[in-house]
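J.: A structural model of the following input is requested.
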Amino acid sequence: MHKFLVLLVTIFTQLNLFSQVIYPAEIEKINKEIENLNFQETELKTKLEDLKLNYWSSEINSWGLPELAPQDELVKHALMSLVYSEKHEQAIWVAHVVSPDVKFGSIGRSNDFRPDPMVKSGSCNDRDYFIRDTLADGNIKYDGFGFDRGHLAPSADFRWSAKALSESYFYSNMSPQLADFNRISWAKLEDMTRSYAERNQTPVMIVTGPLLRDGLPRVERAIHKPSIPAYYYKMAVDRKNKCAVAFLMPNKKCEYPAEYYAVSIDSLEKLTGINFFPNLPDDEEQLLEAMKDPKLFMAPKEMTDAKPLDPTSLPRNHFNTVQAKLYAGKNETITVCGTVVSTKLSSKGNVFLNLDKSFPNQIFTVSIFKDQLTNFSYLPHEELIGKTIYVTGKVTDFNGTPSMSIQDEQSIKIEDEE
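T.: Residues are numbered from 1 along each chain as shown. This is a model prediction of the structure:
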């Protein structure tokens, strides 16, 4: 057996020697040059990343930082700065910039959650969100406390820099968020501001924070017992194109689209007592902080979308497009109100009207089948576009979207129609 193993080793060694091709000196020279170029490229990319990080960091600190209170200690990282609240065990706010480079970034999640060594009082850690035990069989058991480690500055905003992305996993950048909020509503808002920077190839300054108040509930099983915010805010400023917007969203599954929660930076300053952009020139600060139109940051295909109607302004038994899903499949006749933002005449001759949100993000659809179009004195897909309508019928669920099929013109009332 031993001789057989020796023979095998000898054969494999010889095969390995045969596979090593000896090239002429000219070829080896070029291979060496390529190797050196690759090394130089890596060095240049590292240097370029460092220069960009230094540039954007200076931008944050020159005009993107909120005004500091006397007791505040500023924590500066590569691409985000923050003030930490020891009382609430999370950041009061986090300021960062979404660089146009994010469009070309390809670095994935690092998931290297860890305490922030720059927070002097000590930040939260794993034990503030879950307990991790190693079982006898070697498997890991997680016992969660019911909250996501919600990023204030999202890691995806830094996917062009490994260093900045990794630092976004410091616990100083985390806050206890309910899963339905963090993974759906909050994520869509993050996508909106990031997509704006990508689409327009312009930097966007972001300030994000929890709405911290005395008396907030705590994560009781946690080591440091961080406060559980009821609301979070996020504001975005694009100085190049002179536009800004802010959002205030509840820490729960939000029933309305992200743009429904748009507010002005001015209103958040009154709510929080924080002067968010004190280093901007006064006239520019006044202009930007008064803006609150979310469409400035929405994709072109979403520009026609409309804000769902305020339910308190509607008559009895009238509901907006978000409320409509509560009646899907209940076989009740109700009136749903909204603005027709997109329409489609299908190849089979059927008409579809999307209210408030366009396809493929529709939240309520009205269907009129081909054989019912004779009951209309106008072409619905042409006449109703851009108009606010009140449509009466029974709500059904069609592939997850609340829908209503109607048979005649009398089922639709056009707002302000005589």
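J.: how about residue 113, nearest residue that isn't a chain neighbour?
T.: Using CB to CB, 6 or more residues apart in numbering and skipping residues adjacent in sequence, the residue nearest residue 113 is residue 169, 4.9 Å away. (Glycine included, C-beta is placed from N, CA and C.)
J.: I'd like to know how far the one you found sits from residue 123.
T.: Look at residue 169 and residue 123: by CB to CB, to the nearest Å, they are 12 Å apart.
J.: flag the shaky bits of the stretch 301-418 of the chain, pLDDT-wise.
T.: Across the stretch 301-418 of the chain, the ranges flagged by pLDDT under 70 are 417-418.
J.: mind doing that once more with 80?
T.: 416-418 (pLDDT under 80).
J.: now the strands for it?
T.: Per DSSP state E, counting those that start in this stretch, the stretch 301-418 of the chain has strands spanning 318-320, 333-345, 351-355, 365-368, 388-398, 401-405, 412-414. These are given in chain order.
J.: the residue nearest to residue 113 and residue 116 touch, don't they?
T.: No: between residue 169 and residue 116 no contact is recorded; they are 9.7 Å apart, counting by CB atoms under 8 Å.
J.: show me which of these two is the more surrounded one.
T.: For residue 169 versus residue 116, the count of surrounding residues by other CB atoms under 10 Å is larger for residue 116: 22 against 18.
J.: quick one: secondary structure of that one?
T.: With DSSP: H, G, I helix; E, B strand; the rest coil as the basis, residue 116 sits in coil.
J.: now do the contacts for residue 268.
T.: Contacts for residue 268 (CB atoms under 8 Å, 6 or more residues apart in numbering) come out as 233, 235, 246, 248, 274, 276.
J.: which one of those is nearest residue 314?
T.: The shortest gap between residue 314 and any of the contacts of residue 268 belongs to residue 248, at 23.0 Å (CB to CB).
J.: tell me who's in contact with residue 100.
T.: Contacts for residue 100 were tallied using CB under 8 Å, 6+ apart; they are 197, 198, 201, 202, 203.
J.: which residues does the helix or strand where the second one lies contact?
T.: Assigning secondary structure by DSSP states H and E places residue 198 in helix 186-200. Residues lying outside helix 186-200 but in contact with it, judged by CB under 8 Å, 6+ apart, are 98-100, 102-103, 150, 154, 156-157, 177, 202-204, 206, 232, 234, 236, 238, 241, 247, 249, 257-259, 261, 294, 297-299.
J.: which parts of the lengthiest helix in the chain are buried?
T.: In the chain, ranked by residue count with DSSP state H as the criterion, the top helix is helix 25-59. Judged by neighbour count using 16 or more other CB atoms under 10 Å, the buried positions of helix 25-59 are 49, 52, 53, 56, 57.
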